[in-house]
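**Q** Requesting a structural model of the entry that follows:
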Amino acid sequence: MALTLHHFTLLSHPPSAALSARLLRTKRFSFPALINSKRFSGSVMASAPRKVLVPIANGTEPMEAVITIDVLRRAGAEVTVASVEKQLRVDACHGVKIVADALISDCADTVFDLISLPGGMPGAASLRDCKTLESIIQQQAADGRFYAAICAAPAVALGTWNLLKGKKATCHPSFMEQLSSSATTVESRVQQDGNVVTSRGPGTAMEYSVTLIEQLFGKDKANEVSGPLVMRPNHGDEYSVLELNPMEWKFKNSPKILVPVADGTEEMEATIIIAVLRRAKADVVVASVGDKLDILASRKVKLVADVALVEAAQLSYDLIVLPGGLGGAQTFANSEKLVSLLKKQKEANRPYGAICASPALVLEPHGLLKGKKATSFPALSNKLSDQSAAENRVVIDGNLITSRGPGTTMEFALAIVEKLFGRTKALELAKTMLFVYP
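**A** As a prediction, the model looks like this:
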């Protein structure tokens, strides 16, 4: 799938000759600052590692952090997730628990090709108040290397640090007035001006991340990575789903939803599902299908579940929904307890669903798609016994919902919100997250 850039506003500001010369005299240089130097051949630049720093804090928006980390690692970037707190574990927004790779103090002497700040409040304020991070990113800007921010972070952090002066930038609509005092504000979903990239919110995070890949690796790599993500071709437009055999999804009080996770689970899919459903005020239980609550997801993001599956299995759920990821899906398929829960869910005519690898590797082999239309990750759709609906991004058939991959997860989660709370609520969330134009 070709990358569409029609919503991006790109400005090219290569470093001046004086800056290039200064960078060549110092050890603190990296690929982006030297991209126009004739002294560096394509083969040398191609072999240079791209180091990326993604700082996180308590109250960070987890979708923005995890999507950025995941997508950049897909491109081969060496991403360091650094906590600005006193401990590695961070309690992000919506109860998502992330374990960082390092403390920010461990990163002070490392040269990064890119620093990307996720948003979320009070996470963005904690990033702003971290003196070590401020020092690192001020040096990043002084050396002409890339830095970026999304959602609240452009206004709250970069603007406060005076790093957007004379730049065009964007952010979440609720922070645009604050941003206007430190930058020229624009409403692009993703905005690049020179060595700075900014973006609007969770619903633009994947486009933002692919833009960062293009800056670090070039358009060919951006296209290569974006294809398997199954990204939307029409960013910002209202989403649609294929629904067959419509039925009401019933629940009492707040819907109780089980989201199993395991080593190898696709972290973008899990995080988006959990965060979106919790934004809708659903009672989401994240259960580890393994011996520990900590899991190492498919792109090495470290997440922490709420409970073990053995404990979660003692309850009943209004919905059970499986994220994908090859390793995670295989673990799900091999879990007698989880498969038993899913079969009981189907027999009771209660809703269940899966995305990416899980429809093909978990639901299909255990007879949980019998008599149902479904979709899955494109490369695995040939494993579905009925492939007639496999080209659709989200398919609902009665009490079953399935979807294709990371780039369809937001639509998948919003479709669940719509079934539980109605389309008005789903579109309200979609607009707040900037997935759909407000």
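**Q** quick one: contacts for Phe277?
**A** Not Phe; residue 277 is Leu. Taking C-beta atoms under 8 Å, 6 or more residues apart in numbering as the definition of contact, the neighbours of Leu277 are 257, 259, 284, 413, 416-417. C-beta: built from backbone N, CA, C; applies to glycine.
**Q** Pro118 is in contact with Gly59, correct?
**A** No: here Gly59 lies out of contact with Pro118, judged by C-beta atoms under 8 Å, at a distance of 10.3 Å.
**Q** If you count surrounding residues, which of the two has more?
**A** In terms of neighbours (other C-beta atoms under 10 Å), Pro118 is the more surrounded of Gly59 and Pro118; the figures are 31 against 20.
**Q** if we can go back for a sec, of the contacts of Leu277, which is the nearest to Ala142?
**A** Within the set of these, Ala413 lies nearest Ala142; the separation is 40.4 Å, counting by C-beta to C-beta.
**Q** How many residues are close by Cys151?
**A** Applying the criterion other C-beta under 10 Å, we find 34 residues in the vicinity of Cys151.
**Q** Please renumber the chain so that the first residue is 21 from this point on.
**A** That works, and once the first residue is 21, the last one we named lands at Cys171.
**Q** Could you pull up the contacting residues of Thr80?
**A** With C-beta under 8 Å, 6+ apart as the criterion, the residues that contact Thr80 are 110, 112-113, 118, 138-140, 143-144, 146-147.
**Q** Columns pLDDT, distance to Asn354 and secondary structure on top of those residues, output as a markdown table?
**A** Output for the contacts of Thr80, formatted as a markdown table (pLDDT from 0 to 100; distance: C-beta to C-beta, whole Å; DSSP: H, G, I helix; E, B strand; the rest coil):
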| residue | pLDDT | distance to Asn354 | secondary structure |
| --- | --- | --- | --- |
| Val110 | 98 | 31 | strand |
| Ala112 | 98 | 29 | coil |
| Cys113 | 98 | 32 | helix |
| Ile118 | 98 | 26 | strand |
| Pro138 | 98 | 34 | coil |
| Gly139 | 98 | 37 | coil |
| Gly140 | 98 | 35 | coil |
| Gly143 | 98 | 36 | helix |
| Ala144 | 98 | 40 | helix |
| Ser146 | 98 | 40 | helix |
| Leu147 | 98 | 40 | helix |
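**Q** Pull the most distant pair out of the residues you listed.
**A** Using C-beta to C-beta, these reach their maximum pairwise distance at Ile118 and Ala144, which is 15.5 Å.
**Q** When these two are compared, which one has more neighbours?
**A** Set Ile118 next to Ala144 and count neighbours by other C-beta under 10 Å: Ala144 wins out with 31 against 23.
**Q** hang on, isn't the more buried one packed against Leu178?
**A** No: applying C-beta under 8 Å as the test, Ala144 and Leu178 come out as separate, 9.7 Å apart.
**Q** Now do the shared contacts for those two.
**A** By the contact definition C-beta under 8 Å, 6+ apart, Ala144 and Leu178 are jointly contacted by Leu137.
**Q** can you tell me which of the contacts of Thr80 lies nearest to Met267?
**A** The nearest member of the contacts of Thr80 to Met267, counting by C-beta to C-beta, is Cys113 at 32.4 Å.
**Q** Distance check, that closest one against Arg252.
**A** In this view, Cys113 and Arg252 are 23 Å apart by C-beta to C-beta, to the nearest Å.
**Q** ok, these two, which is more surrounded?
**A** When neighbours are counted by other C-beta under 10 Å, Cys113 comes out ahead of the other of Cys113 and Arg252, with 23 against 20.
**Q** Spit out the contact partners of that one.
**A** 79-82, 140, 143, 295.
**Q** Report the buried members of the residues you listed.
**A** Burial of those was assessed by neighbour count (16 or more other C-beta atoms under 10 Å); the buried members are 79-82, 140, 143, 295.
**Q** And Lys272, what's its pLDDT?
**A** In this model, Lys272 is scored at 89, pLDDT.
**Q** Am I right that it falls within a strand?
**A** No: assessed with DSSP: H, G, I helix; E, B strand; the rest coil, Lys272 is coil; it does not lie in a strand.
**Q** thinking again about what came up before, just the contacts of Leu297 now: which is nearest Ile157?
**A** The nearest member of those to Ile157, counting by C-beta to C-beta, is Ala433 at 31.8 Å.
**Q** What helix or strand is the closest one located in?
**A** Taking DSSP states H and E as the criterion, the element that holds Ala433 is helix 429-441.
**Q** which secondary structure elements does the helix or strand following that helix contact?
**A** As assigned by DSSP H and E, the chain's next helix or strand after helix 429-441 is helix 443-452. When contacts are defined as 3 or more C-beta pairs under 8 Å, 6 or more residues apart in numbering; DSSP states H and E, helix 443-452 sits against helix 287-299, helix 429-441.
**Q** tell me the mean pLDDT over stretch 275-289?
**A** Stretch 275-289 shows an average pLDDT of 98 in the prediction.
**Q** er, stretch 332-351 actually
**A** When the per-residue pLDDT values of stretch 332-351 are averaged, the result is 97.
**Q** and that stretch, C-alpha only, in CSV?
**A** Listed next in CSV are the C-alpha coordinates belonging to stretch 332-351 (Å, rounded to 0.1, in the frame of the first residue of the first chain):
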residue,chain,number,x,y,z
ALA,A,332,-9.7,-13.1,35.2
ALA,A,333,-11.4,-16.4,34.1
GLN,A,334,-13.4,-16.6,37.3
LEU,A,335,-15.6,-13.7,36.0
SER,A,336,-18.0,-13.4,33.1
TYR,A,337,-17.6,-10.8,30.4
ASP,A,338,-19.9,-8.8,28.1
LEU,A,339,-17.1,-8.9,25.5
ILE,A,340,-13.8,-10.8,25.0
VAL,A,341,-11.5,-9.2,22.5
LEU,A,342,-8.1,-10.5,21.3
PRO,A,343,-5.3,-8.3,20.0
GLY,A,344,-3.0,-9.8,17.3
GLY,A,345,0.7,-10.4,17.0
LEU,A,346,2.0,-13.8,15.8
GLY,A,347,3.6,-14.8,19.1
GLY,A,348,0.7,-13.6,21.2
ALA,A,349,-1.9,-15.3,18.9
GLN,A,350,-0.1,-18.6,19.1
THR,A,351,-0.1,-18.4,22.9
